[in-house]
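> build me a structure from this.
(chains A, B and C)
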Amino acid sequence: MSDTILSLENITKAFPGVVALDDVSFDLKKNEVHVLIGENGAGKSTLMKVLTGVYQPDDGKIILHGEEVKISNTKQAQERGIAIIFQEFNLVPNLTVAQNIFLGREPRNKFGLIDMRKLIKESKRLLDFLHSDIDPNAKVSSLGVAHQQLVEVVKALSVNAEILVMDEPTAALSEHEIETLFSIIKSLQENGVSIIYISHRMQELKEVGDRITVLRDGQTIGTRAAEEAELDELIRMMVGREISKVRIREKNTATEKVVLEVKNVSHGDILRNINLKVHEGEIVGLAGLVGSGRTELAQVIYGISKKDSGEILISGQRAGVSPIKSIKRKMGFLSEDRKRYGLSSDLPVKVNITHASLKQLFPSGIVNEKKEHTIAMDYRDQLRIATPDVTRNVVALSGGNQQKVILAKWLCTNSRFIIFDEPTRGIDVGAKEEIHNMINELASQGVGILMISSDLPEIMTMSDRVYVMRDGHIVKELDGYTTSQEEVIAYAVGGRE
Amino acid sequence: MIEAQNANKKTSYREVISKLPITIILWVVILVLFSLLTDKFMTVSNMMNIIVQVSSGVGIVALASFLAICSTGVDLSLGGTVAAAGMVAGKVLIWDLPVLNAIRDSNPVLLIIIAIVAALIMGLIIGAINGLILSKTKIPAFIITLAMMRVGETLARVIGSGTSIRVKDDMFKFIGGGSLLNVTINERSIGILPISMLILIPLYIIFQILMKHTRFGTYIYAIGGNNEAAVLSGINVDRTRFLVFLINGFLAAIAGVVLASRLASSIASTGLGMEFDGIAAAVVGGAALEGGKSTPLHTLVGAFMIGALRNGLNLIGMQNSIQMITIGLVMAAIVAIDALRSEEK
Amino acid sequence: MDKNPNTDFTPGEVAGQKIPLQKFKDLSSSVGKFFREHIEELSRVFVLLIIFLVLIILSPNFVKVANLLNVLRVASLNLILATGMALTMLVSGIDLSIGSVIALSTMMFGQFFQEGRSIPEMVIGIVGILVISAVVGSINGLSVAYVGLPAFIATFAMDQITRGYSYYLSKGIVFARFTEVFQFIGGGYLFGIPMPVIFAALLLLVVGFMLNKTTFGRRIYAVGSNKEAAKYSGINVKQTMVITYMLSALIAGFGGIIYLSRLNAAEANIGLDFPLQAISAAAIGGISFNGGKGNVFGIIAGALLLTLVTNGMNLLGIDSDWQMGFTGLIIIIGVLVDRSYAKKKN
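Numbers count the residues shown, from 1 in each chain, chains lettered A, B, ... in the order given. Okay, here's the model as predicted:
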């Protein structure tokens, strides 16, 4: 391992409102597996999108084989031997393995027809190279997740990739399948392919990687040789930002009364034997990596998905399997995906605010528009929703104000228990602070709150208690006032059991 | 790993088999039921009758429907195009224009060729309009093609200045009604190599090859299977969709010519409901509305099933009304089974 | 929580003192705002006016009271059908079966209106038509909402099935010569206004009220605008869809009764073109195929526009053969101008 084949120098990339990458440098040596770690939003994906031509950097250089290059789209990246495998697979399920591998680049014979023999032979050769016995004629839809991923790898190799970017490749794989993947990575390495490996999982880093680079808040924090790296040190590097020690939430207002109780709830492989409690007036943080099952847990509690076993009690009553019943039990839910699950963007603010409480507000079935307007205006003032007019469509509002509209919807139903899933994702600093204050205010009024967040400072400064999830389990319950970021992330990534 | 591989194969077989029973059961029901109900059904002459009926109508339209559905669209304009193209062919054959009259007298074959080419151009124009709009905008395919269905019917009516044109040219009539080989059974001459079949079969063979062995066909499957993956693989999705509708116009025009020839007349209302039979045939053949499924050969099986169903119902004295209800129910049932199954997943 | 200065948007008001220029600016900006916000509605009114003018210039007969009343009467049937269609379109569906539903229900109950029938019998007939329509609509709604069929396939199949059934029932029979009482529904006048116009106006009032002033209207828009968000807000999405399809067919049945009475006859092939006409009027009236967008004023504008164009073609002596195709063209043009269908550039 000697020569550097790729280096990204001083890359800066800003989006409106955020600097996603701030003077980031990164290099890759031949035959190396270079692991890139960092919290959600640290800038890993953005960096890889710069490398593969999806984004153009505002500043900085990409140097490939000692030459500065400009990559303006994924096709150019491919031509230069850089391929990426995204988290969601981009395969066509109804086509065969071979057809998928060469999709868009099918070899053709002299009649202009696809040269099937060559297609199969080449696919077979590439699959053999990875010691895989997948039949190139099998339909992709008939393969399991691990094999589909293998097809993705082969597809990337078929463009003669020298540099392969793998984004969270193990996220969907079982233990056994991960081993297979690692052996594939080893054989790729032996055959001259360099790999950039993005992951959250601490255990696997040392097994698969040669070097590990930590990104945090769009900056390179440091690079360590995998053999020497200590988990504790890596965790410190990931979270070690200077944060204001000021807790937003100073006083625990929790009462004895339990508003949510989850008992032994399981849901397929995603949730396993979950137990948790939320009291009235309490803010409970739910930490964990993306994919650990947090959102799925929220959906099961809210009645969107069915649980396989276990029991959920809302204020002592059994919860039903539909949002309609959950709302009757005075529950509210702010989804992480506001656009998709939270808002009817083409409808006015006031209509969105009353959506969940139509029956409550207008039992006769006739909308009292004056009342609707007054209610909406009240919430606008109370939550400081920045819109001159509640008849304006939601789509015209900023992210922070849209989130406030959804919050208003759940205040309007008099919710006594609210789940916030990533309450401040994609929201600017000012609005974020306002929303934090509102959540705090709600808790002091006796509302029970379950707050899912990937934003560690948010968990640290807001929660009375913290549950940490990993791989569908709740692995630890921590006291919100005494725990540390390091402790939370250590449980979340499996650095501590 | 080998174990996992076997399991995978099993599921893929199961996928095929799970769809099979409906088709087989339907075939068995159709064949047994009609054979029991009437002895006119299972005869050589009636079988040839079904073949000619399918070849000069639903057979070709089903192929076009399959192409549209496979690339996640639907083409309701096929019936209208059949009518318009058939009418154009009829009009050219009888049009009282000095140029055409001269050709008619000197070289009747040339006139037929002109008529056919004119009909095909008509189909290509309608297809191109559909394709252009649907590849450049996000308007649902069924809306644009529904509108074009009416435009096509109107064109047919206007070109035919009213209802229908009788075609007297024997050579033209031979395309849809003639046969290369006739045998005599029970003192009746039966054509066992109908020209219309000799047009239909090569068409299906060409498209079977096109779908399986060309980039174009692979891209149609890719677009129907996972549009985003198709885009990321550098496939020109817009162009592929445009071509699908263009080809559809062409196919419908062929159907229009063959049908006009078999009926010995161009009738404005001839295409009415044909797009529905086409969709039903494609769906019965295994096409799924979410796209990317089935093949031309499966569609051909579906087309013959619809043809046999209509023919059988006809023989036992069930009017068009019962046929409409039956085919509507069959199609709704199969699409519903598909929908429920995909919801289970 | 105290007041945030950021929420004040009109700086002119902060100080509470306006100079005249400021007032003028406010006025002109609010006029400008009105135009910006209602650009779509205004453009439809504008197009209507142009067509109106063109027709006046082209044909002196157009502005005659008799013709205008006739236009209104024809428009009222379009209006009724388009209103029903608009409801399904608001929940991002479509109903291709409305013509055949009318045919089927009239084949079943047309005889109740024939000469010599008593008023109670006619009432039974009317109720029967409405009930059959509602039942068929409910089946459409169930198969779209609960079975998960694409709306155009479910209603297209329903169109074939009901049409086939009405042919089966009719066996070529034409019901004609209805009682005078029944003919009054579609052909009569009240205070000089044609009855269909009155019915259409009443229907628009009811539907307009439902859409804007009831919780059910709120649910329809919520479902059409974002089904997932509606579900998360505790709205019963499937039930809302079934009721909407039921109402759509019910309104079609209502239109069918008026049509029947006006025609003074019923056969199995009536209404072949109704779905397309209704979609046409709704689409050019700004009801989006993607759901959740559009209102009754749009429907009125759309139906009037369609009728005016057809009427104009009649006055200009354009062959009626062309007119059906023209309806098709109008849809295509209508959606092509609508910016919301434009593909986003990458």
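
> and the gap between the residue nearest in space to the middle of chain B and chain C?
What sits nearest the mean C-alpha location of chain B, by C-alpha atoms, centre = their mean, is B:Val61, with 1.5 Å. Per C-beta to the nearest C-beta, to the nearest Å, B:Val61 is found 15 Å from chain C. No exception for glycine: its C-beta is placed from N, CA and C like everyone else's.

> thinking that residue is in contact with B:Thr81, fair?
No: under the criterion of C-beta atoms under 8 Å, B:Val61 is not in contact with B:Thr81, lying 9.0 Å apart.

> what's the overlap in contacts for the two?
B:Ala252 (C-beta atoms under 8 Å, 6 or more residues apart in numbering or on different chains).

> which residues of the stretch 1-150 of chain C lie near chain B?
C:94, C:96, C:143, C:147-150 (C-beta under 8 Å from any C-beta of the partner chain).

> okay, strands next: where are they in the stretch 151-300 of chain B?
Listed in chain order, the strands of the stretch 151-300 of chain B (DSSP state E, counting those that start in this stretch) span residues B:164-166, B:182-185, B:188-191, B:265-267.

> which one of those strands lies nearest to chain A?
Taking C-beta to the nearest C-beta as the criterion, chain A comes closest to strand B:188-191 out of those, the separation being 33.9 Å.

> list the buried residues of that closest one.
Burial within strand B:188-191, assessed by neighbour count using 16 or more other C-beta atoms under 10 Å in any protein chain shown, is assigned to B:190-191.

> what does that strand rub up against?
With C-beta under 8 Å, 6+ apart as the criterion, strand B:188-191 contacts B:44-45, B:48, B:52, B:178-184.

> looking at the residues you listed, which is nearest chain C?
Closest to chain C, out of all of the contacts of strand B:188-191 and judged by C-beta to the nearest C-beta, is B:Val52, at 23.9 Å.

> count of neighbours near the closest one?
By other C-beta atoms under 10 Å in any protein chain shown, the residues close to B:Val52 number 24.

> can you tell me the closest non-neighbouring residue to C:Leu90?
With sequence-adjacent residues excluded and distances taken as C-beta to C-beta, 6 or more residues apart in numbering or on different chains, C:Leu90 is closest to C:Gly224, at 4.6 Å.

> so where does the one you found fall, helix or strand?
Under the assignment given by DSSP states H and E, the secondary-structure element containing C:Gly224 is helix C:215-225.

> repeat for C:Gly128
Assigning secondary structure by DSSP H and E places C:Gly128 in helix C:119-142.

> in that helix, what counts as buried?
By 16+ other C-beta under 10 Å, the buried positions in helix C:119-142 come out as C:121-122, C:125-126, C:128-130, C:132-142.

> hmm, who's touching that helix?
Residues from elsewhere that reach helix C:119-142, judged by C-beta under 8 Å, 6+ apart: C:95, C:97, C:101-102, C:104-106, C:108-113, C:117, C:151, C:154-155, C:158, C:162, C:179, C:181-182, C:241-250, C:252-254, C:256-257.

> hmm, try it at 7 Å
Contacts of helix C:119-142 from elsewhere in the structure, counted by C-beta atoms under 7 Å, 6 or more residues apart in numbering or on different chains, are C:95, C:97, C:101, C:104-106, C:108-109, C:112-113, C:154-155, C:158, C:162, C:179, C:181-182, C:241-242, C:244-246, C:248-250, C:252-254, C:256-257.

> what mean pLDDT does that helix have?
Per-residue pLDDT values over helix C:119-142 give a mean of 96.

> for the very next helix or strand once past it, packing partners?
Past helix C:119-142, heading to the C-terminal end, the next element that is a helix or strand (DSSP H and E) is helix C:151-170. Of the remaining helices and strands, those touching helix C:151-170 by 3 or more C-beta pairs under 7 Å, 6 or more residues apart in numbering or on different chains; DSSP states H and E are helix B:320-344, helix C:98-109, helix C:119-142.

> and A:Glu256, how many neighbours does it have?
Using other C-beta under 10 Å as the criterion, A:Glu256 is surrounded by 7 other residues.

> so what sits opposite the residue nearest to it when sequence neighbours are not counted in the bridge?
Across the structure, with C-beta to C-beta, 6+ apart as the measure, the residue nearest A:Glu256 apart from its sequence neighbours is A:His279 (6.9 Å). On DSSP bridges, the residues paired with A:His279 through beta bridges are A:Val258.

> so what pLDDT did A:His279 get?
Turning to A:His279, the model gives it a pLDDT of 96.

> do the same with the one 3 residues further on
According to the model's per-residue confidence, A:Glu282 sits at a pLDDT of 95.

> which residues touch the closest residue to it other than its chain neighbours?
In this structure, A:Glu282 finds its nearest non-sequential neighbour in A:Ala254, 3.5 Å apart by C-beta to C-beta, 6+ apart. For A:Ala254, the contact set (C-beta under 7 Å, 6+ apart) comprises A:279, A:281-282, A:464.

> pipe these into a markdown table and attach secondary structure per row.
Formatted as a markdown table, the entries for the contacts of A:Ala254 read as follows, by DSSP: H, G, I helix; E, B strand; the rest coil:
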| residue | secondary structure |
| --- | --- |
| A:His279 | strand |
| A:Gly281 | coil |
| A:Glu282 | coil |
| A:Asp464 | coil |
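
> for C:Asn61, find the nearest of the strands of the stretch 151-300 of chain B.
The closest of those to C:Asn61 is strand B:164-166. By C-beta to C-beta, the value is 33.8 Å.

> buried ones in the closest one, by neighbour count?
B:164-165.

> what lines up beside that strand in the sheet?
Strand B:164-166 has the following sheet partners, assigned by DSSP bridges: strand B:265-267 (antiparallel).

> how about the secondary structure of the residue nearest to A:Glu282?
When the rule is three-state DSSP, A:Ala254 gets the label coil.

> can you pull the contacts of A:Leu361?
Applying C-beta under 7 Å, 6+ apart to A:Leu361 gives the contacts A:354, A:371.

> what's the closest non-adjacent residue to the residue in the stretch 1-150 of chain C positioned nearest to chain B?
Distances between the stretch 1-150 of chain C and chain B by C-beta to the nearest C-beta are smallest at C:Gly148, namely 4.1 Å. Once its chain neighbours are removed from consideration, C:Gly148 has its nearest residue in B:Ala339; the separation is 4.1 Å (C-beta to C-beta, 6+ apart).
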